[in-house]
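**Q** predicted coordinates and the sequence they were generated for:
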Amino acid sequence: MTRIRIENVVASTSLGDELDLHAVASTLSGAEYEPEQFPGVIYRLKEPKTAILLFRSGKVVCTGGKSMRQVVESVRIVSEMIRKGGQKILMQPKIQVQNIVATSDLESEINLNTIAVTLGLDRVEYEPEQFPGLVCRLTEPRVVVLLFGSGKLVCTGARRPSDVSLSIEKITKELQDAGLLRRGRSRARSEADRVPRSFRSSATVPSSSLSDLAAKPEDTATALAS
């Protein structure tokens, strides 16, 4: 069975109708709050290693967690600190997963040019001069899979771990049925074949523009909080 690794779980919740961000920034030691640059407070936890983004509306985004358990624990820790700081917030906020980013390995080198032609340009984007991977969109589950020549892949856009598993199973079967998976891989790998670190942890689901793949997690968090 293909090994899948969850790299990032992005989730959102609400702690109430409004937060005093200046008070929050003072309560959370080490928090970053520069409203002229970003409209929320950024607080980074060491354990679990996550980042919590808090907005005046009461909306909260957690990014960087490797599991839902880490997300829940992160929200609990920050909520308790804010509550102790004197602000009234919800006791049991409902947490919703917005995006799961996962990586896997087909354990076979693949020809991205051939895959682009086989899968059809209506489903894929491949512009190697802009981005070293092929972007493939699945409709069920609705996720985006980034394929690299080395066989490495990144799945983003899933809301449940089962969606990640299903999407990787589907893309693997489709490539196998088309005879596009080679056995083994050469030891020498180009830099372009490796999965960029920014996409392993990215909270942003790629849009139709390949340049959007590099969007900052803070940008996505702002969209979730609006």
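**A** Thanks, I have it.
**Q** excluding chain neighbours, give the residue nearest to V145 in space.
**A** Distances taken as Cβ to Cβ, 6 or more residues apart in numbering place C136 nearest to V145, at 4.7 Å, with adjacent residues excluded. Glycine gets a C-beta too; all of them are placed from N, C-alpha and C.
**Q** how close does the residue at the greatest distance from the centre of the chain sit to S26?
**A** Residue farthest from the centre of the chain, counting by Cα atoms, centre = their mean, is G86 at 32.7 Å. G86 sits 10 Å away from S26, going by Cβ to Cβ, to the nearest Å.
**Q** please enumerate the shared neighbours of the two.
**A** Listed contacts common to G86 and S26 are nil; contacts here mean Cβ atoms under 8 Å, 6 or more residues apart in numbering.
**Q** still on that earlier bit, now do the residue nearest to V145 against R69, distance only.
**A** 30 Å.
**Q** repeat that for Q176.
**A** 34 Å.
**Q** next one: G120
**A** From G120 to R69 the distance is 39 Å (Cβ to Cβ).
**Q** what of S26?
**A** Counting by Cβ to Cβ - S26 and R69 are separated by 29 Å.
**Q** show me what the residue nearest to V145 is bridged to.
**A** Per DSSP bridges, the residues bridged to C136 are V124, V145.
**Q** and it, how many residues sit next to it?
**A** By other Cβ atoms under 10 Å, 23 other residues sit near C136.
**Q** tell me the buried residues in the helix or strand hosting V78?
**A** In the assignment (DSSP states H and E), V78 maps to helix 68-84. Buried positions in helix 68-84, judged by neighbour count with 16 or more other Cβ atoms under 10 Å: M68, Q70, V71, V72, E73, S74, V75, I77, V78, S79, M81, I82.
**Q** what does it contact?
**A** Counting by Cβ under 8 Å, 6+ apart, residues outside helix 68-84 touching it are 9, 11, 13, 15, 19, 24, 27-28, 43, 45, 48, 50, 52, 54, 60, 62, 65, 89, 93, 95, 97.
**Q** let's see which of the residues you listed end up in helices.
**A** Counted as lying in helices by DSSP state H, out of the contacts of helix 68-84, are V24, T27.
**Q** pLDDT score for P128?
**A** pLDDT for P128: 94.
**Q** that one and V117, how far apart?
**A** For P128, the distance to V117 (Cβ to Cβ) stands at 14 Å.
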